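>>> No letters, just coordinates:
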């Protein structure tokens, strides 16, 4: 494959009727000169995967009344986004993509002026500091935004509180930052959200049960945070989910049985938590499951062998000393009592519960009779005392 080497041609401004310019995947270098501002009919500008430097030309974007796509990813731009970017009035811009080691510093205010923006990708850069309140408010103005990629930066503070109000979202990727807050229940409003990646942050609190309302979701990664408490049963309502990773949190409680209804699930990682209880046999229904990891938890009982568990390796159950099963899982064999534990427990409950209920009801009945007898004796004594009183007075 041959690449074009050199600088951006100075003759480009002569192509005044040009609507699409693509110089991607070449060896162009040097600055992106501002003379391209004369390409006023330009609708798409693709300059990714080169060696361009600088962003001074961004100040001329307001000349492009019809520009819809600006793609500059994987160039050693090594610059801070100019403050003037926030003052642009390029309302036609739909896609602004500068990903992978191109920019640094803070996101400039005024991003809300790009009111038609559908795709904002500033991932894999060196954006630092908190997301200022003004910027968070500006993001809230982007009512058409469908794809927000700010992953792999060093952004602090919390995510914008308005995320749940931007109902046009398809993807939210904020992984590998330093965000800290709870996962807002308002995310349930994102009925069209397909992908949510908040992994490798400092998110805490509980998983909100409202997360089960994200019916369209196919990919959810909340791993490597400090989420706590149980996995909500409502998560089983996300029937289209293919990828679910909750690893490396502080989740506890048992594996919810509702997971067995997630028939599309191919990837499930619950490792490195404090999950306890047994591996539910109903999980054998997940016929599409290709990857399952429940290692470094507090599970007990027998490892399943049916359904997708036929092809799952011992690495999925590492450091779970209370598990037992087939030698291929490198765990102790189950005793006869262990393997029949579940059925015995059910039978035992069937035998014990009616007896316990009968005893409780009998105790309540006895207590009521005893109270009634006490009251009856007291009332009888009062009557006798009154009769004695009357007898003494009239005698």
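Right, received. Where do you want to start? Note that this is a predicted model, so its numbers are computed, not measured.
>>> Strands along the stretch 251-395 of the chain, start to end?
Taking DSSP state E, counting those that start in this stretch to define them, one finds strands in the stretch 251-395 of the chain at 267-269, 274-277, 291-293, 298-299, 301-302, 323-324.
>>> Save those strands as a markdown table, and put in distance to residue 154 and mean neighbour count too.
For every residue, glycine as well, the C-beta is placed using N, CA and C. Converted to a markdown table, the strands of the stretch 251-395 of the chain look like this (distance: least, Cβ to Cβ, whole Å; neighbours: other Cβ atoms under 10 Å):
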| stretch | distance to residue 154 | mean neighbour count |
| --- | --- | --- |
| strand 267-269 | 25 | 21 |
| strand 274-277 | 29 | 16 |
| strand 291-293 | 28 | 20 |
| strand 298-299 | 34 | 18 |
| strand 301-302 | 43 | 20 |
| strand 323-324 | 39 | 21 |
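>>> Distance to residue 193 and mean pLDDT added to those, as a markdown table?
Converted to a markdown table, the strands of the stretch 251-395 of the chain look like this (distance: least, Cβ to Cβ, whole Å; pLDDT from 0 to 100):
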| stretch | distance to residue 193 | mean pLDDT |
| --- | --- | --- |
| strand 267-269 | 18 | 97 |
| strand 274-277 | 26 | 94 |
| strand 291-293 | 22 | 95 |
| strand 298-299 | 31 | 92 |
| strand 301-302 | 35 | 92 |
| strand 323-324 | 35 | 90 |
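>>> Could you export those strands as CSV, including distance to residue 189?
Shown next, in CSV, are the strands of the stretch 251-395 of the chain (distance: least, Cβ to Cβ, whole Å):
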stretch, distance to residue 189
strand 267-269, 26
strand 274-277, 29
strand 291-293, 30
strand 298-299, 35
strand 301-302, 39
strand 323-324, 40
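>>> nearest to residue 310, of these?
Closest approach to residue 310 among the strands of the stretch 251-395 of the chain (Cβ to Cβ): strand 291-293, 11.4 Å.
>>> still on that earlier bit, for residue 53, which of the strands of the stretch 251-395 of the chain is the nearest?
Residue 53 sits nearest to strand 267-269 of all the strands of the stretch 251-395 of the chain, at 39.8 Å, using Cβ to Cβ.
>>> and the closest one, what other elements does it pack with?
Contacts defined by 3 or more Cβ pairs under 8 Å, 6 or more residues apart in numbering; DSSP states H and E place strand 267-269 against strand 243-245, strand 291-293.
>>> Of all the ones you listed, which one comes closest to residue 233?
strand 243-245 (14.1 Å).
>>> and stretch 255-272, how far from the chain's centre?
Its chain's C-alpha centre and that of stretch 255-272 lie 14 Å apart, by Cα atoms, centre = their mean, to the nearest Å.
>>> First-to-last residue distance for that stretch?
For stretch 255-272, the first-to-last residue distance is 14 Å (Cα to Cα, to the nearest Å).
>>> ok, now stretch 298-306?
22 Å.
>>> quick one: least confident helix or strand in this structure?
For the chain, counting by mean pLDDT, DSSP states H and E, helix 336-339 ranks last in confidence among helices and strands (a mean of 54).
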